[in-house]
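> pasting a predicted model and its sequence here:
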Amino acid sequence: MNQETKKTNYRWVICGMLFLATTINYMDRQVLSLTWKDFIAPEFHWTDADYGRIAAIFSIVYAIGNLFSGRFIDWIGTKKGYLWAIGIWSLGACMHAFCGVATSAWLGLEGKEDLINAVGTSTAVIASVSAWFFIVCRIVLGLGESGNFPCAIKVTAEYFPKKDRAFPTSIFNSGSTIGALIAPICIPLIAKFYGWEMAFIIIGALGFVWLGLWVFVYKRPEENKHVNAAELAYIHQDSPLPRGGGEEGSRTLSEESLPPRGEVGGGLPFLKFFTFPQTWGIFFAKLFTDGVWWFFLFWTPAYISDVYGLKTDNPTAMLLIFVLYAITMLSIYGGKLPTIIVNRTGQHPYDARLKAMFIFTLFPLLTIFAQPLGVHSYWFPIILIGIAGAAHQSWSANLFSVGSDLFPKNAVGTMTGINGMAGGIGSFLINWISGYLFDYADRTQMHFLGFEGKPAGYFIIFCYCAVAYLLGWLVLKAFVPKYKAVANE
């Protein structure tokens, strides 16, 4: 086979870059969840409600940011869009390290010792002021991070045909799992030996390294010298290629089959998106389910500490969280399942995707047993949460791909932004409710189905997590029962 007819595979290099960006994204996001309970809260006198409020505001900012970042990326393009996104969120991540200094200066205190040794009503003032400084940093972080998935999904739509998109999406989406897997091993140790501030700075600096690589690695496939004619034809197999032989005839696609260089949202006015049932099906499916993953991400370290008394720098706690996210790595096969169904049955990719997503809704149902079995061993909830997390990542990869299936390529960024907004709203609600619920359950020693205090509060949230995906699938199926693509106006 000569070199011209042998397909290059540069699209997988691009997929690798998306994977690294998502890994860094989730490591930056998780630094706070792995340090607040045992390192930050004693210094600033935080309660669960304080942390829940910080996490919730981050989520709502992330949601709003997604709404506009997707549109912005459709306009500015993926290369510049990613540079802006990761630059902003890396800056926001590093800013967290200075919240202690800012709190001391604001209150006229000498430093960390004065913060820790405060008593009486002054502790509430310290908690409030420090929480607001962290909220400012989380706002910057959330605005930047809101660009990651719109960029990544848009790049995937540029570099992969429809039938393959769920698999690369599951690969780069597994970066969230890898980030969550690496984080509990390194972040508590950095915080323990060098201070929680250095954890934010070191992890935040990784994004700036990625920026330098992206400048040299990414170009649109039509302009990329590492993508030959055969790979370009494979990428654009969903669009008709012009007739004619030779390298020039193979590389030059017809005007209507190329994504417009203006990247202006596919000619769809922004508000027009909200008139399509496709938009609302994806929106509610994301709204009901994304908060589950964010709850596991933000609260599992606190759950292990609250229920089992294991601090985040305890080797057993680090092992538990590592195993949890190691289990979620099974999700990489979830993106492959729709392709397998298509190849074996010949079904339309959308129908195959819905069938695969229904399978993924069944595994989180096991979460309802996490708390009851947890009285016997902490390994039971960890394993069941890990299985639910793997199902979530498989579900999420396919739900993102539903957006790229149903909307034109140059509108994918906007639709993914709307998708992310829905997920952020879901996260806002579950984090805000959880913080106040856990404080209330602990204060009143609330009872729920045989559990008392904080374990009762966690059990309530686990019950919702169990049924959320089945609810999301039913809503998506109701709004878009059969494949119907949105026309590019």
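In hand now; what should we look at? Numbering: from 1, shown residues only.

> touching, residue 297 and residue 32? I think so.
No. Residue 297 is beyond contact range of residue 32, at 10.5 Å (criterion: Cβ atoms under 8 Å). All C-beta spots, glycine's among them, are computed from the backbone N, C-alpha and C.

> what about these two, which has more around it?
Neighbours per residue (other Cβ atoms under 10 Å) separate residue 297 from residue 32, with residue 32 holding more: 25 against 22.

> who's in contact with that one?
Residue 32 makes contact with 40, 54-55, 96, 134, 138 under the criterion Cβ atoms under 8 Å, 6 or more residues apart in numbering.

> of those, which belong to helices?
Taking DSSP state H, the ones among the contacts of residue 32 that sit in helices are 54-55, 134, 138.

> taking the residues you listed together, which two end up most distant?
55 and 134 (10.0 Å; Cβ to Cβ).

> closest one to residue 381 out of the contacts of residue 32, please.
residue 55 (20.1 Å).

> please identify the buried residues of stretch 43-60?
Across stretch 43-60, burial judged by 16 or more other Cβ atoms under 10 Å covers 43-60.

> actually stretch 117-135, not the one I typed
Buried, per 16+ other Cβ under 10 Å, within stretch 117-135: 118, 123, 126-127, 129-135.

> gap between the closest residue to residue 485 other than its chain neighbours and residue 146?
Distances taken as Cβ to Cβ, 6 or more residues apart in numbering place residue 406 nearest to residue 485, at 5.5 Å, with adjacent residues excluded. Computed as Cβ to Cβ, to the nearest Å, the residue 406 to residue 146 distance reads 21 Å.

> these two: which is more packed in?
Set side by side, residue 406 and residue 146 show more neighbours around residue 146, with 27 against 22, by other Cβ under 10 Å.

> quick one, what contacts that one?
61-66, 68-69, 85, 417, 420, 424.

> could you redo the last one with a cut-off of 7 Å?
62, 65-66, 69, 420 (Cβ atoms under 7 Å, 6 or more residues apart in numbering).

> CSV for these, including distance to residue 7 and neighbour count?
As requested, the contacts of residue 146 are exported to CSV (distance: Cβ to Cβ, whole Å; neighbours: other Cβ atoms under 10 Å):
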residue, distance to residue 7, neighbour count
62, 37, 28
65, 37, 27
66, 34, 29
69, 33, 30
420, 32, 28
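
> considering these, which is situated nearest to residue 168?
residue 420 (18.1 Å).

> where does that closest one sit, in terms of helix or strand?
helix 412-444 (DSSP states H and E).

> which elements pack onto that helix?
Here helix 412-444 touches helix 48-76, helix 148-159, helix 277-308, helix 379-406, helix 454-479, going by 3 or more Cβ pairs under 7 Å, 6 or more residues apart in numbering; DSSP states H and E.

> and that helix with helix 379-406, angle?
Relative orientation of helix 412-444 versus helix 379-406 (axes from the mean of the first three to the mean of the last three Cα atoms, to 10 degrees): 150 degrees.

> would you point out which residue is most central in the protein?
residue 176 (6.2 Å; Cα atoms, centre = their mean).

> just to revisit the earlier point, now, the buried residues of stretch 117-135 that are in helices?
123, 126-127, 129-135.

> residue 272: which of those residues is nearest?
Taking those together and measuring to residue 272 by Cβ to Cβ, the closest member is residue 135, at 33.8 Å.

> so that closest one sits against residue 56, correct?
No. Using Cβ atoms under 7 Å, residue 135 is not in contact with residue 56, being 9.8 Å away.

> dump the residue contacts of residue 403.
Counting by Cβ under 7 Å, 6+ apart, residue 403 has contacts 153, 282, 412, 415-416, 419.

> how far away is the residue lying closest to it once chain neighbours are set aside from residue 487?
Residue nearest to residue 403 in three dimensions, not counting chain neighbours: residue 415, with 4.5 Å by Cβ to Cβ, 6+ apart. Plainly put, residue 415 is 14 Å away from residue 487 if you go by Cβ to Cβ.

> who's more crowded, those two?
The residue with more neighbours, out of residue 415 and residue 487, is residue 415; 32 against 11, by other Cβ under 10 Å.

> tell me the pLDDT of the more buried one.
Looking at residue 415, its pLDDT reads 81.

> same check on residue 381?
For residue 381, pLDDT reads 94.

> isn't it right up against residue 372?
No. Residue 381 is not in contact with residue 372 according to Cβ under 7 Å; the separation is 9.4 Å.

> who has more neighbours out of the two?
Taking neighbours as other Cβ under 10 Å, residue 381 and residue 372 compare with residue 381 leading, 26 against 15.

> check contacts around the more buried one.
370-371, 373-374.

> what of residue 459?
371, 448-449, 451.

> where along the stretch 201-350 of the chain do the helices fall?
Ranges of helices in the stretch 201-350 of the chain, per DSSP state H, counting those that start in this stretch, are 229-235, 246-251, 277-308, 315-328, 337-345, 349-362.

> the fourth one vs helix 379-406, what angle?
Translated: helix 315-328. 40 degrees.

> so what secondary structure elements neighbour helix 315-328?
Packing partners of helix 315-328 (3+ Cβ pairs under 7 Å, 6+ apart): helix 166-194, helix 277-308, helix 379-406.

> tell me the most buried of those?
The highest average neighbour count among those, using mean count of other Cβ atoms under 10 Å, belongs to helix 379-406 at a mean of 25.

> between helix 277-308 and that one, find me the angle.
Using the same axes, to 10 degrees: helix 379-406 against helix 277-308 is 160 degrees.

> give the contact list for the nearest residue to residue 284 once chain neighbours are set aside.
Among residues not flanking residue 284 along the chain, residue 475 sits closest, at 4.4 Å (Cβ to Cβ, 6+ apart). Counting by Cβ under 7 Å, 6+ apart, residue 475 makes contact with 281, 284-285, 288.

> any chance of those residues in TSV, with distance to residue 443 and pLDDT too?
Formatted as TSV, the contacts of residue 475 follow (distance: Cβ to Cβ, whole Å; pLDDT from 0 to 100):
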residue	distance to residue 443	pLDDT
281	40	93
284	34	95
285	35	95
288	29	95
